[in-house]
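# turn this into a structure:
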Amino acid sequence: MKNVFLLLVFITVNISVGAQSVGIGNNAPHPTSILDLSNGQSKTFVLPKMTQPTRDALVSPPMGSMLYMNGTNDVDQPIGLYYRTGSSWRYIMSSNDIKKTWEKVSDDVQYSTTERIGVGTTTPSALMHLRAANDGEQISVKMQGAFPSLSFDYGTAASGGWVSKALIYGTPTGLVFANSVQSPTANMRFRLGSIDRIILEPDGTFKTKSEIRLTDDNFIEKGFFHMNGNDVRIGTVSGNNTGSFVVRTNGFDNLKVDAAGDVVPTNNIQFYEGAVQKAFVQRDGSDLRLGVNSDNSTGNVVMRLNGADHFKFDNDGRLTLMNESSPTLYFQVAGVNQGAIQQQGANLAINATGNQVRINQFLYVDDATDRVGISTSSPDEKLHVQGNVKVSTGKVLNNSNENMLPYGYAIFRGDGTKARGTASLTGGWIGNDFYLEASNGADISDGILSVTCYNANVTPSFVVSGARLKISFFDEDGDQFKPSFSVVLYMVN
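Predicted structure coming up:
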């Protein structure tokens, strides 16, 4: 029976043996091959099949052995073709098993022989050259479960590795440009024309050596920030001739510099020393207030000109003109000086171009006529008083030693009471004689007395009695009488 089976095998399989070559299904094996399998039928060549335990049980399999491992699929030992190296079995991967790191999807992606990659160009001029013919999204970085980012690293493997210097990454709220936590002192620079134009320091400080221009929605320039030497300029550009510079705080426009250069504050201008309020400028209704704060009880309001203090309101409200040999306060009408008050040494001069200085409608000093009028603007004499004159001391001097006005006057009734008169005189009856005296006890014995009796038949007379004057009245028969009378007393200087 065995012989019949072997005979059938040899009849079915055409084996050709040539010099050092064996052909199966091929009468002319290739001279470079030991075994040349060729079959015109739709049949395959099947390698030995075995599980991993069976394969691993092989004793010293020769290098180059091949088999197909079946059984349980394992991540480290998957089902498939294996070949033998000197000490292990190696898995033969297919294209489906290899994770693709690069794939040419069209002629728009090229890898040049100069180790450059071009996207949209066949002649890349940089390590990565991107070129697009149309507008729109050209580069898209998408990551699932994390923020898409680009990291900029510096260093080499030889120097110990790479150090992250900067990052660009997207977040749910926007795009972030940042320095790396590995480089906390690194800043961010924007360079134009080979020059650093903007620098962002790690603490957020923004620096620029250029001008910042502010525009409207159409990018028409309206305002600017820039340095002019050591000065900082903030304002509107020359083409914006109607715009104002506005300072806004707490949701309100509180300070404005308009196109004409006028400063328009909405509220007070407050001056501080540290955190303490010292002085202010304030609009109160239609009034302008300039002064020091209530807590600044020793401060003054000072006007300073040409490096010197000239005008001061002290904390008691007194006005002082300072720092001049003859401080002068001028009064102008339509730009022309019409009067002045001037300090001349220890004297004060009041001058008017109209030759007349007035105090209300009461005192008039006429420089043209050298006259003074009281209650009259047209004095007829050096001193012209329109109305009564009262001198409380009772002394008015002229060229002589006598008073021009009386020391006092009074009217007394027959019972000795005073009907009216000046407060400087008093008196009363002692017996049949009337004693006249000064109310303050002064000596009036040197006085000149005028006595008028309302009874024509009564004659008065008086004599000195100590510091007083004793007045007696006699009728036609020589008898003493107590009539009503009046007196006027003049005193000698």
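# quick one, what contacts the residue lying closest to N293 once chain neighbours are set aside?
Nearest in space to N293, with sequence neighbours left out and distances taken as Cβ to Cβ, 6 or more residues apart in numbering, is Q277 at 4.5 Å. No exception for glycine: its C-beta is placed from N, CA and C like everyone else's. Going by Cβ atoms under 8 Å, 6 or more residues apart in numbering, Q277 touches 270-271, 293, 295-296.
# after the host helix or strand of Q277, next one along is what?
Taking DSSP states H and E as the criterion, Q277 maps to strand 276-284. On the C-terminal side of strand 276-284, the nearest following helix or strand under DSSP H and E is strand 287-292.
# just list whatever residues bridge to P265.
L255 (DSSP bridges).
# can you count the residues close to it?
Number of residues near P265 (other Cβ atoms under 10 Å) recorded here: 14.
# equivalent analysis for the one 10 residues further on, please.
For A275, the number of neighbouring residues by other Cβ under 10 Å comes to 5.
# roughly how far does it sit from N293?
13 Å (Cβ to Cβ, to the nearest Å).
# out of the contacts of Q277, grab the one that's most surrounded.
N296 (17 neighbours).
# next, that one: secondary structure please.
Secondary structure, DSSP: H, G, I helix; E, B strand; the rest coil: N296 is coil.
# ok, it - contacts?
With Cβ under 8 Å, 6+ apart, N296 has these contacts: 276-279.
# run the last query once more with 10 Å
Contact analysis of N296 by Cβ atoms under 10 Å, 6 or more residues apart in numbering lists 271, 273, 276-280, 315.
# check F462 too.
Contacts of F462 by Cβ under 10 Å, 6+ apart are 433-436, 447, 449, 451, 468-473, 487.
# one more: V463?
433, 445, 469-472.
# change it to 7 Å
Contact partners of V463, counting by Cβ atoms under 7 Å, 6 or more residues apart in numbering, are K470.
# what about it, which helix or strand?
Going by DSSP H and E, V463 is in strand 459-465.
# now that strand: buried residues?
460, 462 (16 or more other Cβ atoms under 10 Å).
# restricting to C-alpha, output it in PDB.
Taking Å, rounded to 0.1, in the frame of the first residue of the first chain, the C-alpha atoms of strand 459-465 are listed here in PDB:
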ATOM      1  CA  THR A 459     -28.100 187.500  85.400                       C
ATOM      2  CA  PRO A 460     -25.600 184.600  85.600                       C
ATOM      3  CA  SER A 461     -22.000 184.700  87.000                       C
ATOM      4  CA  PHE A 462     -19.500 181.900  87.700                       C
ATOM      5  CA  VAL A 463     -16.300 181.400  89.700                       C
ATOM      6  CA  VAL A 464     -13.700 178.600  90.000                       C
ATOM      7  CA  SER A 465     -14.400 176.100  92.700                       C
END
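# who does that strand pair up with?
strand 468-474 (antiparallel).
# buried stuff in the strand it pairs with?
Under 16+ other Cβ under 10 Å, the buried positions of strand 468-474 are 468-471, 473.
# right, and the helix or strand after that strand?
Defined by DSSP H and E, the subsequent element after strand 468-474 is strand 485-490.
# if we look at that next one, which residues are touching it?
Contacts for strand 485-490 (Cβ under 7 Å, 6+ apart): 403, 406-412, 425, 436, 444, 447-454, 460.
# now do 8 Å
With Cβ under 8 Å, 6+ apart, strand 485-490 has contacts from 402-403, 406-412, 421, 425, 434, 436, 444, 447-454, 460, 469, 471, 473.
# ok, the closest residue to I199 other than its chain neighbours - how many residues close by?
What sits nearest to I199 in space, not counting adjacent residues and going by Cβ to Cβ, 6+ apart, is K207, at 4.3 Å. Neighbour count of K207, defined by other Cβ under 10 Å: 12.
# wait, doesn't K207 sit right on D196?
No - K207 is not in contact with D196 according to Cβ atoms under 8 Å; the separation is 9.1 Å.
# my read is I234 is in a helix, agree?
No - assessed with three-state DSSP, I234 is strand; it does not lie in a helix.
# quick one: it and D74, what's the gap?
Counting by Cβ to Cβ, the gap from I234 to D74 is 73 Å.
# next one: I220
70 Å.
# with I168 instead?
From I168 across to D74, the span is 42 Å (Cβ to Cβ).
# between those two, which one's more packed in?
Each of I168 and D74 has its neighbours counted (other Cβ under 10 Å); I168 has more, 14 against 10.
# which parts of the stretch 101-250 of the chain are strands?
109-111, 117-119, 128-130, 149-156, 161-171, 174-179, 188-192, 195-200, 206-208, 212-215, 221-228, 231-236, 245-249 (DSSP state E, counting those that start in this stretch).
# what about the helices in the chain?
2-12, 52-56 (DSSP state H).
# weakest of those by average pLDDT?
Across the helices of the chain, helix 2-12 has the smallest mean pLDDT, namely a mean of 45.
# partners of V281 in the sheet?
Beta-bridge partners of V281, as defined by DSSP bridges: I269, L290.
# near it, how many other residues are there?
Neighbour number of V281 under other Cβ under 10 Å is 13.
# ditto for the one 5 residues further on
S286 sits with 5 neighbouring residues when counted by other Cβ under 10 Å.
# return the per-residue confidence for the residue nearest to I212 when sequence neighbours are not counted.
In space, and not counting its chain neighbours, I212 is closest to F225: 4.2 Å by Cβ to Cβ, 6+ apart. Each residue has a pLDDT score; the one for F225 is 87.
# for T51, same thing?
Reported pLDDT for T51: 92.
# swap in I212?
For I212, pLDDT reads 90.
# same deal with G394?
According to the model, G394 carries a pLDDT of 53.
# could you do M1 as well?
So, for M1, pLDDT stands at 46.
# what do you get for A423?
92.
# who's in contact with it?
So A423 contacts 408, 439 (Cβ under 8 Å, 6+ apart).
# re the thing from before, what subset of the contacts of N296 is buried?
Among the contacts of N296, the ones that count as buried by 16+ other Cβ under 10 Å are 279-280.
# confidence-wise, which of the contacts of N296 comes last?
N315 (85).
# surely that one is in contact with G299?
Yes - under the criterion of Cβ under 8 Å, N315 makes contact with G299 at 6.3 Å.
# spatially nearest residue to R84 (excluding sequence neighbours)?
S65 (4.2 Å).
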